[in-house]
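[1] return a 3D structure for these sequence lines:
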Amino acid sequence: MRLTADPIDLEPLMKAALRPDRGGLAIFVGTVRDHHAGRTVRELEYSAYHPMAEAKLADIVAEAESRWSVTVVLRHRLGLLAIGETAVAVVVAGGHRDEAFAACRYVIEELKRRVPIWKRERYTDGSEAWVDPTAPGGVASMGTAGSVE
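    Numbers count the residues shown, from 1 in each chain. Coordinates of the predicted model:
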């Protein structure tokens, strides 16, 4: 499973990616930041349609591993996350740094573009918003906690 409700620990991911023929290791870690679109974020929540998200993540990993000579391991958190917590980790081991960097970037960009994982931000003023990178300002709807717009 690439989706998890548990905190992400990089060490086991790195161990899973490394092999004797893989000398380059590229890692991307995305953490929860305290601001977005000019607003102060208190926490956020990730949700997903599990079967589709897992299938899309598996596709992206397979694509990267067929395009470059790499091993890819990734995890994405679901549920409520606090500021500073790791939301996503991509670990790529390759024979050389160029392919490891290229594959790592490919995986995170495709994950963000194609995988049905949704992010709801909660702000310090009590309002909330679904994050939509295609919407003006990066948010789809805003309201007070508990309201649906």
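[2] for the rest of this, base every contact and every neighbour count on C-alpha atoms.
    Will do.
[3] in a strand, that's where K119 is, yeah?
    Yes. Applying DSSP: H, G, I helix; E, B strand; the rest coil, one finds K119 inside a strand.
[4] how many neighbours does it have?
    When counting by other Cα atoms under 10 Å, one arrives at 19 neighbours for K119.
[5] just list the residues touching the residue most central in space within the chain, thanks.
    Centre of the chain computed as the mean C-alpha position; nearest residue by Cα atoms, centre = their mean is V88, 3.5 Å away. Neighbouring residues of V88 by Cα atoms under 8 Å, 6 or more residues apart in numbering: I8, F28, V29, G30, T31, L74, R75, H76, R77.
[6] now swap in T86 and tell me
    Listed by Cα under 8 Å, 6+ apart, the contact partners of T86 are P7, I8, V29, G30, T31, V32, R77.
[7] cool, and L44?
    Listed by Cα under 8 Å, 6+ apart, the contact set of L44 reads V32, L80, L81, A82, K119, R120, E121, R122.
[8] now that we have those, which one has the most neighbours?
    In those, the most neighbours by other Cα under 10 Å go to E121, 25 neighbours.
[9] looking at it now. What's its pLDDT?
    Reading off the confidence values, E121 has pLDDT 96.
[10] and if you look at A53?
    In the prediction, the pLDDT value recorded for A53 is 97.
[11] wait, a strand at it?
    No. Under the criterion used here (three-state DSSP), A53 is helix, not part of a strand.
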